[in-house]
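**Q** Provided below are the primary sequence and the corresponding predicted coordinates.
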Amino acid sequence: MPNLIELSMYQISQLFLIPTLLLIAALFLYAFWVLGEFCLLAYYRRRGQGRPLVSIFRQNFRLTVDDLDVIAHKLLEAPRIASRVTPMLGLVATMIPMGPALKSLSDGNLAKVSDNLTIAFSAVILALIAASITYWVVNVRRRWLAEEMLEIEALRGAQA
């Protein structure tokens, strides 16, 4: 009976390798998309533009600080989630091939060990690169949005 449970758990875990690798690839591409948006926003900010919260506030002066805070969180939500989920997926993509690699090692098949370890380490490297990019972008954009909140408070004071 325990052997059936172990075998079932092993087979189920192997089903998740391809979806996990696809998610890591998608998040890797997404990280570079976010980086591109960030660079474009930085360029606009240097030209005195590129302030989404200020722009939204100017369209609707009745927005409260809480409304703007929610909007700011929405702007950062996807890259923030990506920065946190991607390392977990990297760990999953590392651990799934380790089972077959260890089994191949015990069978003396070093070529299969090498193939599985290549998958494992490549996936975690891409995941960590993607997570690092999105983490950095989220933190800088969070500071920018905080600066915009201060700018909006100054605009409110000037209106009053």
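**A** Cool, got the structure.

**Q** Check the average confidence over stretch 49-60, would you?
**A** The average pLDDT within stretch 49-60 is 92.

**Q** Counting residues, what is the longest helix that the chain contains?
**A** For the chain, the longest helix by residue count, based on DSSP state H, is helix 110-159.

**Q** And that helix, what does it pack against?
**A** helix 17-46, helix 52-59, helix 65-107 (3 or more C-beta pairs under 8 Å, 6 or more residues apart in numbering; DSSP states H and E). Heads up, the C-betas are built off the backbone N, CA and C, glycines and all.

**Q** Take those helices and lay them out in a markdown table including distance to Ile125.
**A** As requested, those are exported to a markdown table (distance: least, C-beta to C-beta, whole Å):
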| stretch | distance to Ile125 |
| --- | --- |
| helix 17-46 | 10 |
| helix 52-59 | 33 |
| helix 65-107 | 8 |
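
**Q** closest one to Leu155 among these?
**A** helix 52-59 (7.0 Å; C-beta to C-beta).

**Q** could you say what helices and strands the host helix or strand of Met9 packs with?
**A** For Met9, the host element (DSSP states H and E) is helix 2-15. If you count contacts as 3+ C-beta pairs under 8 Å, 6+ apart, helix 2-15 packs onto helix 65-107.

**Q** Show me what the helix it packs on is packed up against.
**A** In terms of contacts (3+ C-beta pairs under 8 Å, 6+ apart), helix 65-107 is packed against helix 2-15, helix 17-46, helix 52-59, helix 110-159.

**Q** For the second one, buried residues please.
**A** By that I understand helix 17-46. 17, 20-21, 23-24, 27-28, 30-31, 34-35, 38, 41 (16 or more other C-beta atoms under 10 Å).

**Q** So, low pLDDT: which residues of this structure?
**A** Within the chain, the stretches with pLDDT under 70 are 1-2, 160.
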